[in-house]
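Enquirer: return a 3D structure for these sequence lines:
(3 chains)
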Amino acid sequence: MASRTLAELAAVVGGAVQGDPAREITGINGLAEAQPGEIVFFNNPKYRDQLAATRASAVVIEESAASLLGGRDAIVAANAYLAFAKISSVFHPRPVFAPGVDPRALVEPGAEVDASATVMAFCYVGRGARIGPRAVLMPSVFVGEGARIEADALVYPQVVVREGCTVGERAILQPGVVLGGDGFGFAFDASKPEHYKIPQAGTVEVQADVEIGANSAVDRATLGKTVIGRGSKLDNLVQVGHNVQVGPLCILCGQVGIAGSSQLGQGVVCGGQVGIANHVKVADGTKVAAQSGIKNSIEESGQQLMGSPTMPMGDYARAMLAFQKGAETLKLVRRLEKKVAELEAKLASLEGGQK
Amino acid sequence: MASRTLAELAAVVGGAVQGDPAREITGINGLAEAQPGEIVFFNNPKYRDQLAATRASAVVIEESAASLLGGRDAIVAANAYLAFAKISSVFHPRPVFAPGVDPRALVEPGAEVDASATVMAFCYVGRGARIGPRAVLMPSVFVGEGARIEADALVYPQVVVREGCTVGERAILQPGVVLGGDGFGFAFDASKPEHYKIPQAGTVEVQADVEIGANSAVDRATLGKTVIGRGSKLDNLVQVGHNVQVGPLCILCGQVGIAGSSQLGQGVVCGGQVGIANHVKVADGTKVAAQSGIKNSIEESGQQLMGSPTMPMGDYARAMLAFQKGAETLKLVRRLEKKVAELEAKLASLEGGQK
Amino acid sequence: MASRTLAELAAVVGGAVQGDPAREITGINGLAEAQPGEIVFFNNPKYRDQLAATRASAVVIEESAASLLGGRDAIVAANAYLAFAKISSVFHPRPVFAPGVDPRALVEPGAEVDASATVMAFCYVGRGARIGPRAVLMPSVFVGEGARIEADALVYPQVVVREGCTVGERAILQPGVVLGGDGFGFAFDASKPEHYKIPQAGTVEVQADVEIGANSAVDRATLGKTVIGRGSKLDNLVQVGHNVQVGPLCILCGQVGIAGSSQLGQGVVCGGQVGIANHVKVADGTKVAAQSGIKNSIEESGQQLMGSPTMPMGDYARAMLAFQKGAETLKLVRRLEKKVAELEAKLASLEGGQK
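Expert: Now for the predicted structure:
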């Protein structure tokens, strides 16, 4: 990994150098861990002591915090976090894979693999499937009949993309992801009895720039397609049911589950372990706190929600506080009940006395 | 996919044709998406406008709604949803796989693969394992020593069936399912300290007609076997602990988790993300709402339950309503407390005045 | 499996024989299922009827319960559960694998596989990776560039250990585990808009004697490493985010999720489906009930916690009881409100009468 000058890095992120533009930077690190030669990121005044003590040679920082630099070399950027991410990409570029199909892979007749794509050992590529330019299938990936992996997609080991599903340009599938498993649909036949399987004849469309985390599962549609919209990011162990529409630009944290046919608008953010019922719509920009459950459609955009069923965040916080005081409240209510009865008795006796 | 006449389809589902029995049907679709030649399904009066507007050539409908047909050709069936599922199976039959063992698979000596079975590339079939008639192992499936895959079972890519486990006739395992991982059992040894691993020497029995969703895990028993009963359906990312008994005919939605040794009766339905504690019994026909948690045995059959711990659905709904009003209730109680104190004071002064 | 004498088994567990030390024992079983020749375990007086009726030839028991033996042969041990686990290991030893690399595996140039290690079919071992003495990779395991699998580790089928990650001595990875998937980190770039991927340049360190359950996922660190500490045990479908530190000696039950950068101390126990927010610390010996959610750091060691957010167990139980009575409490409060208003009115009229 070659080093870069501060000026070169500033150019990458559209920031301004403060200090020595020729300073050689060899890598990135955290404030506490950094060694001389490394660049760090600062945007939380809580860590100003760490900033003062860091051994790093330069800092990515926003204008508003630049007074804390104390003479250190820096790149001043409008969004320090984003700038740092981009600098990290300079030092940790996407790995390069040699193009070609490993002789231990099985590409069925009628599949098309671009000459610049990589298909590693033990991959299976079904009939009519297409692997686009520079796309990478790491070992033991399954791509079913007629499925498509678009240009520059990166598919980690043990991923399954079942028949007819599509993975968009630059999409990333972490290990163990399953796209296009059958949706969960059965019609009960009381005469047998049995749960009769409803054919799941649709597909999954993962659009460009999507990333899906390890061992997550996105089911194929019953008819039509399940869609993970452009630029949405799904964490590990996320479950997306048949005919769901996610995104674009949604963030679904670990172990989120979305039941069939629900629709998430643009930029919806779900914390970990959130559940969303079937056939609901969630408006653009909704933010749902971890472990919450959405049971009904959310019509108003941009709300912060919490609880199961969800409430506006502030309302929920107040309700939760009351819940936590519930036992003492109940005692108080019983004490009041007794007192009120005593008051009634006394008052009745007083009234009697007045008559 | 050849077309079928309305009469042929009606015969498949045991329904009656209304209109032209010779009408050619080329496929199925939704009310809104259907094209001429396709058949649709209608059983919800909410969508009567869509029924009126659909371009479909025929409708599957129940007698009670037939008056809404407006002269369209139809199949009238006792259970329109089930009938539609069966018609969908006509147009979307289970794919056919060429029998035989791919030369890239490894079948260990002493394993038996039926001549009509399919074992695709990169599968591993251990010693003493048996793959039954017409069973299909898609690529990269692992079948451990002595395990059995019965007739007509369909095993999707990357599934693991560990040693000694059995998969029943017509069972379907979606991609990434793990059967027979070690149960989670440890005895704490304070002298080391360590969590000493308790051998998990049992197996898993998946009975006939079971389906298990992508990346779900069913652990082997400590001794004896973990059982997924006949016709039960498990969605994606479901966790079933060691020695659990599920079903028959249960429905476990996405991300349900069942801890060790619990027993679910016939036809239990669990919504998404439900948790069930260890060593509990859940009576036949119990329905558990999404995200609920069962901590103790449910003795009475057929209840609808919600919450964590669960309560009967109606009780829970009322408790939840009270929870949501908790903050204002608390304010009201405090107001009452103050008023009662004032009343007590006034009454005391009145009593004093009377003396 | 050869039989053992009671004396031999007692020696294994450091227990004392009561009865015939030469008694031949052929296996272990449950009280109800045991056959003559088998040994059973008893430590719960609730099952004393089963003890009286068991057909087993011997019992593992603690001194305090030995009076219930009724003349049976026994091994008396300080910790009967642990002793039984060790006896089970005698009858169910870890399977033995033939050393060597299967010709259907792909070991890249520059990888080192110890001569005593086992690498089965369809495994991929990347450049610079090291597989230690007696370590076992079952079929279709992926070990990325520079990753290390230490001595005696047992890696089940379909596991993915991505580049640079390490798996400690005697560690066990159940099928489908993913180590080193990218952490979930993005910086929002409103100008595009897009979620810009932050490179995840760190690794995962799974220490000695750890076990991780089927289809669980442990993400690599952004920088530095995610650590699963010595002797910790993770159940199935557990999610561990980037830069998390777990353990040593933690127990994480099924479907637990831990968000980025959180730290669990020694011996933390989380019930199923527990969620832990990012950047929190959980003190040594904390026990968290199933389905709970930790939102803030837990500073005090050894607490039992429940709820989301968590409360001390007893407080939570009382709050939950009040919650369950919430609807009737609310009615009572409204009745009191009415009565208080009546009392106020009456009192006012009485006061008026006195004036």
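Enquirer: separation between A:L249 and chain B?
Expert: Distance of A:L249 to chain B, given as C-beta to the nearest C-beta, to the nearest Å: 23 Å. Using the backbone N, CA and C atoms, a C-beta is placed for each residue, glycine as well.
Enquirer: doesn't A:I228 make contact with that residue?
Expert: No. Counting by C-beta atoms under 8 Å, A:L249 sits too far from A:I228 to count as a contact (11.0 Å).
Enquirer: who has more neighbours out of these two?
Expert: A:I228 (31 against 24; other C-beta atoms under 10 Å in any protein chain shown).
Enquirer: name the helix or strand of chain A that has the lowest mean pLDDT.
Expert: Among the helical and strand segments of chain A, the one scoring lowest on mean pLDDT, DSSP states H and E is helix A:326-354, with a mean of 89.
Enquirer: and that one, what's buried?
Expert: A:326-327, A:329-330, A:332-333, A:336-337, A:339-340, A:343, A:346-347, A:350 (16 or more other C-beta atoms under 10 Å in any protein chain shown).
Enquirer: out of those residues, who's near chain B?
Expert: A:326, A:329, A:332-333, A:336, A:339-340, A:343, A:346-347, A:350 (C-beta under 8 Å from any C-beta of the partner chain).
Enquirer: does chain C have contacts with the least confident helix or strand of chain A?
Expert: Yes. Judged by C-beta under 8 Å from any C-beta, helix A:326-354 comes into contact with chain C at A:326-327, A:329-330, A:333, A:336-337, A:340, A:343-344, A:347, A:350-351, A:354.
Enquirer: picking that back up, export the ones next to chain B among the buried residues of helix A:326-354 to JSON lines and tack on distance to B:Q50?
Expert: Formatted as JSON lines, those follow (distance: C-beta to C-beta, whole Å):
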{"residue": "A:G326", "distance to B:Q50": "46"}
{"residue": "A:T329", "distance to B:Q50": "49"}
{"residue": "A:L332", "distance to B:Q50": "54"}
{"residue": "A:V333", "distance to B:Q50": "51"}
{"residue": "A:L336", "distance to B:Q50": "55"}
{"residue": "A:K339", "distance to B:Q50": "60"}
{"residue": "A:V340", "distance to B:Q50": "57"}
{"residue": "A:L343", "distance to B:Q50": "62"}
{"residue": "A:K346", "distance to B:Q50": "67"}
{"residue": "A:L347", "distance to B:Q50": "64"}
{"residue": "A:L350", "distance to B:Q50": "70"}
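Enquirer: B:A290: which of these is nearest?
Expert: A:G326 (23.8 Å; C-beta to C-beta).
Enquirer: was I right to think the closest one contacts C:A319?
Expert: Yes. At 4.6 Å, A:G326 and C:A319 qualify as touching, with contact defined as C-beta under 8 Å.
Enquirer: can you report how many residues neighbour the residue nearest to A:S140 when sequence neighbours are not counted?
Expert: Setting aside the residues directly before and after it, A:S140 is nearest to A:F122 in space (C-beta to C-beta, 6 or more residues apart in numbering or on different chains), at 4.5 Å. By the other C-beta under 10 Å criterion, the neighbourhood of A:F122 contains 32 residues.
Enquirer: do A:P312 as well
Expert: 14.
Enquirer: wouldn't A:P309 be in contact with A:V288 here?
Expert: No. Between A:P309 and A:V288 there is no contact under C-beta under 8 Å: 11.2 Å.
Enquirer: these two: which has the busier surroundings?
Expert: Each of A:P309 and A:V288 has its neighbours counted (other C-beta under 10 Å); A:V288 has more, 28 against 14.
Enquirer: what is that one paired to in the beta sheet?
Expert: In this entry, A:V288 is beta-bridged to A:C270, A:L305, by DSSP bridges.
Enquirer: hmm, it is touching A:G307, no?
Expert: No. A:V288 is not in contact with A:G307 according to C-beta under 8 Å; the separation is 9.6 Å.
Enquirer: wait, doesn't A:E211 sit right on C:K197?
Expert: Yes. With contact defined as C-beta under 8 Å, A:E211 reaches C:K197; the gap is 6.9 Å.
Enquirer: what touches both of these two?
Expert: Here A:E211 and C:K197 have A:172, C:182 as joint contacts, going by C-beta atoms under 8 Å, 6 or more residues apart in numbering or on different chains.
Enquirer: out of the two, which sits in the more crowded spot?
Expert: Just comparing A:E211 and C:K197: by other C-beta under 10 Å the higher neighbour count belongs to A:E211, 23 against 20.
Enquirer: OK, contacts around the more buried one?
Expert: A:E211 neighbours (C-beta under 8 Å, 6+ apart): A:171-174, A:233-234, C:182, C:197.
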